[in-house]
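Visitor: Mind folding the following:
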Amino acid sequence: MEYFGDPAIWIPWTFAALMGLSILIYVVLDGFDLGVGLLMPLADEDEKDRLVASIGPFWDANETWLVLAVGLLLVAFPPAHGIILTALYLPVFVMLIGLILRGVSFEMRAKAPIAQKRMWNGAFFAGSLMASLSQGFKLGMYIMGLTWTLPHVAFALLTAVFLTVGYSFIGAAWLIWKTEGRLQLHSLRWAKGGIWGLVLGIGAISLATPFVSTRIFDRWFSWPEFAYLSALPIVSGALVLFLWWQLARLPLAEDRWSWTPFAAATALFTLAYGGMAYSFYPYVVPEKITIYDAASAPESLFIILIGTLFVLPAILGYTVLSYYIFRGKTTALRYD
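Guide: Here you go, the predicted structure:
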């Protein structure tokens, strides 16, 4: 361990980076399949099966990244795990109920009598809505320092709505890429409506975060950091303009560039997440506990890190493999 330097510094940082990467991958991957679930009421009855088919091979594996992130938080930063989950017990409970409802309805809509299919479609939407809103609420409360005051709860409720709209947008962008014909045209219309919710959500979070504490404010608005960080809003603005331009011109002949809205949405989520990570580092509980204070013993983390070096490539490998195998346009959903 001495060969790598001070383990009390680089091991907590490594686990924080792995946890942050897992959360980002989860937000993008499970974000789009939650978004597809949110779009269910807008789709025609004959389109709902195609929506489900577009995420069928992926949605279960996407949630693995959430399990990995929470597991890393538990084993690497147990005091922070206790504080965060205690403060967010109610929205975590709502999220888990939503994810369970999604999983059950995903299976039952294929096995229940035709007369009950509409009910399970509604349950799939309800589970997606519960999971999305609760994740947005948790994000807002985390930004506000995990304290339950009326202004903080109001901001968290606003963040819940904006993240839900953002998920619906990236879900629509996924459908633009994976579908064709009438459903693709509908997805373009949904994306044009959702892009402004995504922009407002990212803008609200970006504007609010520097004012959470004087430390974060100084990190963003001191010189020369301000000059370096100005690239984030500039690039984000360029991506929004690119998205609007692409949505106005798609679909193109031979379905060219249909993947670009999803890629640009992923880049927007990544930039927003990167800015938030920069703001709160090195704190794992905002303004209370750093990753170095909350970290488990370096000896324990080093052993866990060895196991992570096997587990993480396996998860990443089967995720990439599933997306490779089921590449291309979504075909008709069949249960026979």
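
Visitor: now the helices: where do they sit in the stretch 1-150 of the chain?
Guide: Taking DSSP state H, counting those that start in this stretch as the test, the helices found in the stretch 1-150 of the chain are 7-38, 45-55, 59-62, 64-76, 78-87, 89-111, 114-143, 150-178.

Visitor: Go through those helices and name the closest to Leu247.
Guide: helix 150-178 (8.1 Å; C-beta to C-beta). In short, each C-beta sits where N, CA and C put it, glycine included.

Visitor: Could you tell me the angle between the closest one and helix 7-38?
Guide: 70 degrees (axes from the mean of the first three to the mean of the last three C-alpha atoms, to 10 degrees).

Visitor: Next SSE downstream of helix 150-178?
Guide: Following helix 150-178 in sequence order, the next helix or strand is helix 181-208 (DSSP states H and E).

Visitor: And the residue lying closest to Leu175 once chain neighbours are set aside, how far from Ala253?
Guide: The shortest distance from Leu175 to any non-neighbouring residue, by C-beta to C-beta, 6 or more residues apart in numbering, is to Ser187 (3.8 Å). For Ser187, the distance to Ala253 (C-beta to C-beta, to the nearest Å) stands at 18 Å.

Visitor: Buried by neighbour count: which residues of stretch 230-246 qualify?
Guide: The neighbour-count check on stretch 230-246 (16 or more other C-beta atoms under 10 Å) flags Leu232, Ser236, Leu239, Val240, Leu243, Trp244, Gln246 as buried.

Visitor: same thing with stretch 119-129?
Guide: Trp120, Asn121, Ala123, Phe124, Phe125, Ala126, Gly127, Ser128, Leu129.

Visitor: For that stretch, give me every contacting residue.
Guide: 34-38, 40-41, 48, 52, 97-106, 108-109, 112, 164 (C-beta atoms under 8 Å, 6 or more residues apart in numbering).

Visitor: Leu185 contacts Pro251, correct?
Guide: Yes - between Leu185 and Pro251 there is a contact under C-beta atoms under 8 Å: 7.4 Å.

Visitor: and the nearest residue to Val153 once chain neighbours are set aside, what does it touch?
Guide: Leaving out its chain neighbours, the residue that sits closest to Val153 by C-beta to C-beta, 6+ apart is Met141, at 7.6 Å. Contact analysis of Met141 by C-beta under 8 Å, 6+ apart lists Ala87, Leu88, Pro91, Trp148, His152, Val153, Ala156.

Visitor: Please repeat the previous calculation with a cut-off of 7 Å.
Guide: By C-beta atoms under 7 Å, 6 or more residues apart in numbering, Met141 lies in contact with Ala87, Leu88, His152, Ala156.

Visitor: now for those residues, which pair is the farthest apart?
Guide: Across these (C-beta to C-beta), the longest gap, 12.1 Å, separates Leu88 and His152.

Visitor: Pick out whichever of the two has more residues nearby.
Guide: Between Leu88 and His152, counted using other C-beta atoms under 10 Å, the more crowded position is Leu88 (20 against 17).

Visitor: Verify the stated contact: that one with Lys138.
Guide: Yes - here Leu88 reaches Lys138: they are 5.1 Å apart, a contact under C-beta atoms under 7 Å.

Visitor: would Val284 count as being in a helix?
Guide: No - using DSSP: H, G, I helix; E, B strand; the rest coil, the assignment for Val284 is strand, not a helix.

Visitor: Find the nearest non-adjacent residue to it, please.
Guide: Ala80 (4.4 Å).

Visitor: can you pull the contacts of that neighbour?
Guide: Leu73, Val284, Val285, Ile289, Ala294.

Visitor: again, only using 10 Å
Guide: Leu73, Leu74, Tyr283, Val284, Val285, Lys288, Ile289, Thr290, Ile291, Asp293, Ala294, Ala295 (C-beta atoms under 10 Å, 6 or more residues apart in numbering).

Visitor: now do Thr260
Guide: Applying C-beta under 10 Å, 6+ apart, the residues near Thr260 are Ala173, Ile176, Trp177, Phe242, Leu243, Trp245, Gln246, Leu247, Leu250.

Visitor: Tell me which two in these are the farthest apart.
Guide: Longest span within the contacts of Thr260, C-beta to C-beta: Trp177 and Trp245, 16.7 Å.

Visitor: C-terminal to the host helix or strand of Arg219, what's the next element?
Guide: In the assignment (DSSP H and E), Arg219 maps to helix 214-221. Going down the chain from helix 214-221, the next helix or strand is helix 225-229, by DSSP H and E.

Visitor: which strands and helices sit next to that following helix?
Guide: Applying 3 or more C-beta pairs under 10 Å, 6 or more residues apart in numbering; DSSP states H and E, one finds that helix 225-229 contacts helix 214-221, helix 260-280.

Visitor: highest average neighbour count across the ones you listed?
Guide: Mean neighbour count (mean count of other C-beta atoms under 10 Å) peaks for helix 260-280 among these, with a mean of 19.

Visitor: hmm, back to that, identify the contacts common to Leu88 and His152.
Guide: In contact with both Leu88 and His152: Met141, Leu146, using C-beta under 10 Å, 6+ apart.

Visitor: And the pLDDT at Pro251?
Guide: Model confidence at Pro251, given as pLDDT, is 89.

Visitor: Trp13 now?
Guide: At Trp13, pLDDT is 91.
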